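**Q** This is a predicted model, with the sequence first.
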Amino acid sequence: RYKGNDLSVRVFVDYYGIPEDPATGSGNGCLAAYLVNHEYFGKTEVDIRVEQGYEIGRPSLLLLRAEQDKGQIRVSVGGKAFIVAKGELV
């Protein structure tokens with residue numbers, strides 16, 4: 001794990017033929033909600049930096065923010081992405 005990042009995650013989606021996903025916004029959003037719901041860090045809010053894709057040479061940084069208020073969890077996911085392919089579906 002790189003200094004300054006809070007977590008390092010890996011996501012494998014072999015069922016769909018994707019051996020490993022370098023940046024999974026939906027999965028990390030669920031992770032943020034889980035951490036808040038279970039007060040993993042001892043509080044009902046998180047603001048963390050998550051690295052993903054380093055092991056496959058496609059490093060990604062995701063910024064997760066989640067908070068729980070009156071039983072509702074609000075999640076935001078952002079980060080940095082790089083274009084690795086470009087094309088057109090015909």
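**A** Received, thanks.
**Q** need the helix or strand of this protein with the lowest average pLDDT.
**A** strand 18-21 (a mean of 88; mean pLDDT, DSSP states H and E).
**Q** List the neighbouring strands of it plus their orientation.
**A** Using DSSP bridges, strand 18-21 pairs in its sheet with strand 11-13 (antiparallel).
**Q** The partner strand: which residues count as buried?
**A** Neighbour-count burial for strand 11-13 flags Val11 (criterion: 16 or more other C-beta atoms under 10 Å). The C-beta positions use only the backbone N, C-alpha and C, and glycine is treated the same way.
**Q** and it, how far from the chain's centre?
**A** Here strand 11-13 is found 12 Å from its chain centre; the criterion is C-alpha atoms, centre = their mean, to the nearest Å.
**Q** and if you look at stretch 57-76?
**A** So, by C-alpha atoms, centre = their mean, the centroid of stretch 57-76 is 8 Å from its chain's centroid.
**Q** repeat for stretch 76-86
**A** 12 Å.
**Q** Run through who's touching that stretch.
**A** Stretch 76-86 is contacted from outside by 23, 25, 28-29, 32, 58, 60-66, using C-beta atoms under 8 Å, 6 or more residues apart in numbering.
**Q** Throw these into TSV and include distance to Val11, pLDDT and secondary structure, thanks.
**A** As requested, those are exported to TSV (distance: C-beta to C-beta, whole Å; pLDDT from 0 to 100; DSSP: H, G, I helix; E, B strand; the rest coil):
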residue	distance to Val11	pLDDT	secondary structure
Ala23	9	92	coil
Gly25	10	93	helix
Asn28	9	97	helix
Gly29	12	97	helix
Ala32	14	97	helix
Arg58	12	90	coil
Ser60	11	92	strand
Leu61	15	95	strand
Leu62	11	96	strand
Leu63	17	97	strand
Leu64	14	98	strand
Arg65	19	98	strand
Ala66	18	98	strand
